[in-house]
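Participant: From the sequence below, what's the structure:
(one chain, ligands or ions: 1)
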Amino acid sequence: MNSSGWLAFGLGVVLAWMALPARAAEKLKVLIVDGQNNHNYKAMTPFMKAELEKTGRFSVDVSTTPPQKSPPELWAAWRPAFEYYDAVMSNYNGEPWPEPVQEAFLKYVANGGGAVIVHAANNAFPGWTEYDRMIGLGWRPAVYADRVYVDDEGRLVRLPAGQDAGAGHGAQHEFQIRVRTSAHPVMKDMPLKWMHAKDELYHGQRGPAESLNLLATAYSDPKTGGTGKHEPMAWWVPYGKGKVFTTLMGHVSGDSIPALQCVGFVTIMNRACEWVATGAVTLPIPAHFPTETEVRLVAKP
Ligand code: ZN
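Facilitator: Residues are numbered from 1 along each chain as shown. Modelled structure (predicted):
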């Protein structure tokens, strides 16, 4: 082959490479952990997996723990390979994980892994000090640790253990989310106020809240059994070289899943997984994002 032949051959190789299916090899690997929950995780996980995969950005595996009161040999066989994944999303609220799994999870995040905590996954593991540090705030009683909220002037308020409300929620309802850090990649280009679909509005979350980066709040209205404070709804905490992102949105009991179908929830989940995995967000805000007054849902499969 002469030089122009080689050039044509080279060009052909490049064109063939460019025609490969859309960057299949570059998909981010996400692991969803479930298996025990006081919520209907069997309705939640497949929906969340499908929404992540719909973006084309992720390939998603699920690791399901043994059920409650399982014999030790079943737990001994459950050893998720966290280190293989770019992000681990917890949809788990149940018995403590075996010690080797706890250690593997801490090591994974400390070494730069990403974790996303969905709704009741922040209820899990009271007394596991390092988990509390990772999530920043959890569903714990008032005496457990500090409480953080935002006042009407937008100032972050921190109260010590024992003062004010412990973890709880009022009646489920649709409520408005207020973005507090619009420069953060997960929240960027999102309307500063938007309506979230019917959900539980958690209040009085407690924890060490070290280096807590608050991204969004919701007003917890006393009329629906709330605290009269702007409660944290989404935040992230650095842990070693890794990042831990929490969304309190996402309550599901029974087969009705509006809190997950909320386009706002789906957008935050997708972007949070991308961000904890890579430190950047490429996924856009969908055109049918909720407005200041209107809830928007994705179709239920
Ligand atoms: Zn719930």
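Participant: which parts of the stretch 101-250 of the chain sit against the ion?
Facilitator: Within the stretch 101-250 of the chain, the positions near the ion by CB under 5 Å from the ion are E200. Every C-beta, even on glycine, is put in place using the N, C-alpha and C of the backbone.
Participant: ok, N123 touching Y92?
Facilitator: No - using CB atoms under 8 Å, N123 is not in contact with Y92; the gap is 9.8 Å.
Participant: the more surrounded of those two?
Facilitator: Counted by other CB atoms under 10 Å, N123 and Y92 do not tie: Y92 has more neighbours, with 25 against 20.
Participant: so which residue of this structure comes closest to the ion?
Facilitator: Across the chain, no residue is closer to the ion than H251, which sits at 3.4 Å (CB to the ion).
Participant: and that residue, how many residues sit next to it?
Facilitator: H251 has 22 nearby residues by other CB under 10 Å.
Participant: so where do the strands sit in the stretch 1-150 of the chain?
Facilitator: Secondary structure of the stretch 1-150 of the chain (DSSP state E, counting those that start in this stretch): strands located at 28-34, 58-64, 87-90, 114-118, 147-150.
Participant: Just checking: what are the partner strands of the fourth one?
Facilitator: Paired with strand 114-118 in the same sheet, following DSSP bridges, are strand 87-90 (parallel), strand 242-247 (parallel).
Participant: Burial-wise, tell me which of the strands of the stretch 1-150 of the chain comes out on top.
Facilitator: strand 114-118 (a mean of 29; mean count of other CB atoms under 10 Å).
Participant: From the rest of the structure, what touches that strand?
Facilitator: Contact with strand 114-118 is made by 44, 48, 86-91, 105, 109, 134-135, 239, 242-247, 250, 269, 272-273, 275-277, as judged by CB atoms under 8 Å, 6 or more residues apart in numbering.
Participant: List just the one of the strands of the stretch 1-150 of the chain that sits closest to T291.
Facilitator: strand 147-150 (21.9 Å; CB to CB).
Participant: returning to what we had before: in a markdown table: the strands paired with strand 114-118, plus distance to G207.
Facilitator: Converted to a markdown table, those look like this (distance: least, CB to CB, whole Å):
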| stretch | distance to G207 |
| --- | --- |
| strand 87-90 | 15 |
| strand 242-247 | 10 |
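Participant: pLDDT averaged over stretch 256-274, what's the number?
Facilitator: For stretch 256-274, mean pLDDT rounds to 98.
Participant: Next one: it, is it in contact with the ion?
Facilitator: No - against the ion, stretch 256-274 shows no contacts by CB under 5 Å from the ion, the least distance being 8.3 Å.
Participant: Okay, buried residues for that stretch please.
Facilitator: Buried positions in stretch 256-274, judged by neighbour count with 16 or more other CB atoms under 10 Å: 257-274.
Participant: So what's the gap between it and the chain middle?
Facilitator: 9 Å (CA atoms, centre = their mean, to the nearest Å).
Participant: which stretches of this protein have low pLDDT?
Facilitator: The model of the chain has pLDDT under 70 over residues 1-25.
Participant: Report the central residue of it.
Facilitator: By CA atoms, centre = their mean, the mean C-alpha position of the chain lies nearest to V116, the distance being 3.6 Å.
Participant: Surely D86 is in contact with L52?
Facilitator: No - D86 is beyond contact range of L52, at 11.6 Å (criterion: CB under 8 Å).
Participant: residues shared between the contacts of the two?
Facilitator: Common neighbours of D86 and L52, counting by CB under 8 Å, 6+ apart, are V30.
Participant: Tell me which of the two has more neighbours.
Facilitator: Neighbour totals were compared for D86 and L52, and L52 leads with 23 against 19 (other CB under 10 Å).
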